[in-house]
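*Asks:* dropping the sequence and predicted coords here.
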Amino acid sequence: MKKRNVIMLTLAILLIGLVLFATFRTTLLDPLGFRVKHAMGITSTADTTNEPIVFIHGYDGSNWTFFTTTVRYSASDFATRSLKLLVRENGDIDVSGVYDKAMRRPMIRVNFENPRSIIPNNAAWFANAMDKLKKEYDIEKVDIVAHSYGGLTFVNFLQKYNYQSDSYPKVDTFTAIGTPFNGSAVSSDGETPYDLTATGPKKESAYFREMMKRKTKIPNDLPVLNIVGDLKDGSRSDGPVAVDSAKSAAFIFNRNDYQEVLFTGRFAQHSWLHANIGVDREIKQFIENHP
């Protein structure tokens, strides 16, 4: 009887091990395999359908903001964890991880040493990161996924640095998650001076006005996915960001290439949105539909 229990326990452990191996194969082994290839000087053939996904955290965010996202996408074999770029306040960049053109959708996280700086600083630092990706890694095209203020960082970069520029990778798609496109005013009754009308916000924040002034500098054919959260607690917000502030993006981007998805309930909370598997699914489908 004791021997049988030992055998059953051993089989259970082996089964769990196999499940973990299958789940985390791309998370752990694929990046390791590319490290070995690079160490041995083995070159890879580029797969032009697997352009990198670049992630930008929001205010007070960090490398951990999109960590679980990259793990989930790796586990599902949708993408491969790749580089981490830490942009210092002086513009220098620390790089860790590995990049290979043969990777399946390499996931690159751009982080800022000072995660509480103003949007123009973030945009300048992000421009440095994009310049590095183009010049040192020969990356021609990317998909952008940004959380919260990271979305404003990207738009500021797009309007100030990327307009008709060949210095940076071309942006194929942009996904904004819980981005306050028109300020961060929230009220318990769901009404703010910045609420939307059919023609735009009743009141415009400084950043929204600036984005609207430079609207023509956004590529007219840029596909945009806007993920919006509503806790359904009466505030019409995801906590820090009002629904109408997030939805104000519809007036900034070309409506023909703009789509919006609203998530509701507890897991639509601002900091839970980028951990929401439903959000994962929408982003995955969006990127796959715009190869």
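*Replies:* Here it is on my side, so go on.

*Asks:* show me what contacts the closest residue to I227 other than its chain neighbours?
*Replies:* Spatial nearest neighbour of I227, chain neighbours left out: I177 (4.4 Å); criterion: CB to CB, 6 or more residues apart in numbering. In this view, the C-beta of every residue, glycine as well, is placed from N, C-alpha and C. Neighbour list for I177: 145-148, 151, 227, 273-274, 279 [criterion: CB atoms under 8 Å, 6 or more residues apart in numbering].

*Asks:* in helices only, show me those residues.
*Replies:* If you go by DSSP state H, the contacts of I177 have 151, 279 in helices.

*Asks:* what subset of the contacts of I177 is buried?
*Replies:* Among the contacts of I177, the ones that count as buried by 16 or more other CB atoms under 10 Å are 145-148, 151, 227, 273-274, 279.

*Asks:* now render the contacts of I177 as TSV, adding pLDDT and distance to T264.
*Replies:* Formatted as TSV, the contacts of I177 follow (pLDDT from 0 to 100; distance: CB to CB, whole Å):
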residue	pLDDT	distance to T264
V145	98	21
A146	98	21
H147	98	18
S148	98	18
G151	98	20
I227	98	12
L273	97	11
H274	95	16
V279	98	12
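
*Asks:* so which of the contacts of I177 comes closest to D100?
*Replies:* The nearest member of these to D100, counting by CB to CB, is V145 at 20.4 Å.

*Asks:* how much space separates the closest one from A12?
*Replies:* Using CB to CB, to the nearest Å, V145 is found at 38 Å from A12.

*Asks:* repeat for M212
*Replies:* Here the criterion is CB to CB. By it, M212 lies 60 Å from A12.

*Asks:* so which of the two has more stuff around it?
*Replies:* Using other CB atoms under 10 Å, the more surrounded residue of M212 and A12 is M212, with 15 against 10.

*Asks:* show me the contacts for the more buried one.
*Replies:* The contact partners of M212, taken as CB under 8 Å, 6+ apart, are 204, 251-252.

*Asks:* quick one, which of those are buried?
*Replies:* Among these, the ones that count as buried by 16+ other CB under 10 Å are 204, 251-252.

*Asks:* with just CA atoms, put stretch 101-111 into PDB.
*Replies:* What follows is stretch 101-111, C-alpha atoms only, in PDB (Å, rounded to 0.1, in the frame of the first residue of the first chain):
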ATOM      1  CA  LYS A 101      14.600  38.600 -35.000                       C
ATOM      2  CA  ALA A 102      13.400  35.000 -35.000                       C
ATOM      3  CA  MET A 103      11.500  35.500 -31.700                       C
ATOM      4  CA  ARG A 104       7.800  35.200 -31.800                       C
ATOM      5  CA  ARG A 105       6.600  38.800 -31.200                       C
ATOM      6  CA  PRO A 106       9.400  39.900 -28.900                       C
ATOM      7  CA  MET A 107       8.000  41.700 -25.900                       C
ATOM      8  CA  ILE A 108      10.000  44.800 -24.900                       C
ATOM      9  CA  ARG A 109       9.300  46.700 -21.700                       C
ATOM     10  CA  VAL A 110      10.400  50.400 -21.500                       C
ATOM     11  CA  ASN A 111      10.700  51.600 -18.000                       C
END
